[in-house]
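> need a structure here:
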Amino acid sequence: MERREKTLASARTIVVKVGSAVLTTKQGLHLSVLYNLVEQLARLASAGHRVCLVSSGAVAAGRTAIAGRGCIVEGVSGKQALAAIGQGRLMREYEHAFAAQGMVCAQVLLTRDDLRSRTRFLNARNTFMNLLDWGVVPIVNENDTVAVQELKFGDNDQLASLLLNLIEADLYINLTSADGVLAANPESAAPGEKIPFLDTIEDIEHLDIDALCGAKTSVGTGGMQSKLMAARRAAQLGVPTLILPGRRPDILDRAFGGESVGTWVCPCEHTVSRRKYWMAYQSDPQGVITVDEGAARALEEKGSSLLPGGVRSVEGVFEPGAMVRIVCDGRQIGVGLINYATDDLNRIKGLKRAEVAEVLGDAHYPEVIHRDNLLLHAAV
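Prediction:
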């Protein structure tokens, strides 16, 4: 508890994420929740914290706006149209709420491509740093209006986890519809059994998230599984996560005031570099490389690169430089940037270095994946 209080007090830059299940009702935006959230963020800013807000709610707001008009919403384009309608309504309320606190907010809409390109990543970083230095609160959402599937983050939990690296945040707060993380999957509980909430998760890297989590919420896209995956990413970066019940009035005030609310997720002891973090999560894996036990031990215990001799099978179609998963006996080892296209890798899998040269000639890489381009235990 003392560690939590010290971190909350000393955090300079905080990413706060709020989901649709917190911000919306069947009637539209839950304005009392939104305004109370902004009041709390203003108090955090007054206490010297820099705040970046990741906010869902645009699609839900858009759906409410066209209710009763006979509009049929179908497919991706329908959802994107709802986002186009709702984003302005969402920002209008945020602007009014922050203005009432004497503060300015800014809208930032992102697609995955904005963070995948290193140049655009750095440009985005400079923009965010200016806003935060000026005391402006960036309000970030996925650009649902234009994003296609390969450019989508998946949900705002994952977007928020990438922003931690972009703005070098010290703390990640995820506001949810739950009181925290349940100690067991509610779907496997006996009828009438009351499952307690976890106060602290010490080692999220080895937590079986799939076994712990139940179903997603009805209006959002994430659910607790997505929130814990984002927390696992944050922990790898050395950033703790606080998962809080977002609809409870003044919940941030209570947390920063020393109350033991929500679930605290501790950072990992051994953190990864910001470059590896960016590399591992900037795109979805395009294939799967299955390795033998010897290669798995070399990767995990010795920090080695993956060599052709350790590769047993290849799934997917990819080009050099693509992100791929590495697995052994169905267990994910990590992800990395591949040096070979699918066809060439299939030709050299299981071969020694001299045999690789006979197949591909001298113009080949010694490693299938170099250790500098590999992240073990990635949260994907």
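> For residue 166, the count of nearby residues, please.
Applying other C-beta atoms under 10 Å, we find 22 residues neighbouring residue 166. C-beta coordinates here come from the backbone N, C-alpha and C atoms, glycine included.
> which SSE is the spatially most central residue of the chain in?
By C-alpha atoms, centre = their mean, the mean C-alpha position of the chain lies nearest to residue 158, the distance being 2.1 Å. Taking DSSP states H and E as the definition, residue 158 sits inside helix 156-166.
> Does anything pack onto that helix? Which helices or strands?
Secondary-structure packing of helix 156-166 (3 or more C-beta pairs under 8 Å, 6 or more residues apart in numbering; DSSP states H and E): strand 13-18, strand 50-55, helix 118-133, strand 137-142, strand 171-176, helix 223-236, helix 274-281.
> Tell me which of those is the most buried.
strand 171-176 (a mean of 27; mean count of other C-beta atoms under 10 Å).
> ok, residues contacting it?
If you take C-beta atoms under 8 Å, 6 or more residues apart in numbering as the criterion, strand 171-176 is touched by 7-8, 11, 13-19, 21-22, 37, 157, 160-161, 164, 224, 227, 230-231, 234, 239-246, 251-252, 255.
> and the next element down the chain from that strand?
Assigned by DSSP H and E, the successor of strand 171-176 is strand 181-182.
> That following strand pairs with which strands, parallel or anti?
Sheet pairing here is set by DSSP bridges, and for strand 181-182 it gives strand 197-198 (antiparallel).
> Could I get the average pLDDT for the partner strand?
For strand 197-198, mean pLDDT is 91.
> do stretch 65-73 as well
Taken as a whole, stretch 65-73 carries a mean pLDDT of 81.
> now stretch 334-354
For stretch 334-354, the mean pLDDT works out to 95.
> Which positions in it come out as buried?
Residues 334-340, 342, 344-345, 348-349, 351 are the ones in stretch 334-354 that count as buried (16 or more other C-beta atoms under 10 Å).
> Doesn't residue 108 lie inside a strand?
Yes - counting by DSSP: H, G, I helix; E, B strand; the rest coil, residue 108 is located in a strand.
> Please look at it and residue 136 and confirm they touch.
No - here residue 108 does not reach residue 136: they are 10.4 Å apart, not a contact under C-beta atoms under 8 Å.
> doesn't residue 259 make contact with residue 5?
No - with contacts defined as C-beta under 8 Å, residue 5 does not count as touching residue 259, sitting 10.0 Å away.
> Look at the two and report which has more neighbours.
Taking neighbours as other C-beta under 10 Å, residue 5 and residue 259 compare with residue 5 leading, 14 against 10.
> what helix or strand does the more buried one sit in?
helix 2-10.
> And that helix, what's buried?
Buried residues in helix 2-10 (16+ other C-beta under 10 Å): 4, 7, 8.
> Check stretch 55-74 too.
Across stretch 55-74, burial judged by 16+ other C-beta under 10 Å covers 55, 56, 57, 58, 59, 60, 61, 62, 63, 64, 65.
> which among those residues gets closest to residue 368?
Distance to residue 368 across the buried residues of stretch 55-74 (C-beta to C-beta) is lowest for residue 56, with 38.7 Å.
> Point out where the stretch 151-300 of the chain drops to low pLDDT.
Filtered on pLDDT under 70, the stretch 151-300 of the chain yields the residue ranges 151-154, 214-222.
> and with 50 instead?
151, 215-221 (pLDDT under 50).
> Quick check on residue 105: phi, psi?
Torsion angles at residue 105 (phi, psi; degrees, to the nearest 10) stand at phi -120, psi 160.
> Tell me which residues touch it, please.
53, 91, 94, 95, 98, 136, 137, 138, 139.
> any idea which of those is least confident?
The minimum pLDDT among the contacts of residue 105 falls on residue 91, with 94.
> give me every residue that touches it.
For residue 91, the contacting residues are 105, 107, 139, by C-beta under 8 Å, 6+ apart.
> The second one against residue 139, yeah?
What that stands for is residue 107. Yes - counting by C-beta under 8 Å, residue 139 is a contact partner of residue 107 at 5.7 Å.
> Need the residues that contact stretch 345-352.
Stretch 345-352 is contacted from outside by 289, 308-309, 311-314, 338, 340, 355-356, 359-360, 364, 368, using C-beta under 8 Å, 6+ apart.
> Give me the subset of the residues you listed lying in strands.
Among those, the members found in strands (DSSP state E) are 289, 311, 312, 313, 314.
> What subset of these is buried?
Buried residues within those, counting neighbours by 16+ other C-beta under 10 Å: 289, 311, 314.
> nearest spatial neighbour of the second one, skipping sequence neighbours?
Counting by C-beta to C-beta, 6 or more residues apart in numbering, the nearest residue to residue 311 once its immediate chain neighbours are dropped is residue 349, at 4.0 Å.
> quick one: that neighbour from residue 309, how far?
From residue 349 over to residue 309 the distance is 8 Å, taken as C-beta to C-beta, to the nearest Å.
> Over to residue 193?
Residue 193 sits 51 Å away from residue 309, going by C-beta to C-beta.
> Show me which of these two is the more surrounded one.
Comparing residue 193 with residue 309 by other C-beta under 10 Å, the one with more neighbours is residue 309, at 18 against 9.
> now the helices for the stretch 201-350 of the chain?
Applying DSSP state H, counting those that start in this stretch to the stretch 201-350 of the chain gives helices spanning 209-212, 223-236, 251-256, 274-281, 293-302, 342-348.
> got CSV for the buried ones among the ones in strands among the contacts of stretch 345-352, with distance to residue 186 too?
As requested, those are arranged in CSV below (distance: C-beta to C-beta, whole Å):
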residue, distance to residue 186
289, 36
311, 41
314, 39
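> Good, wrapping up.
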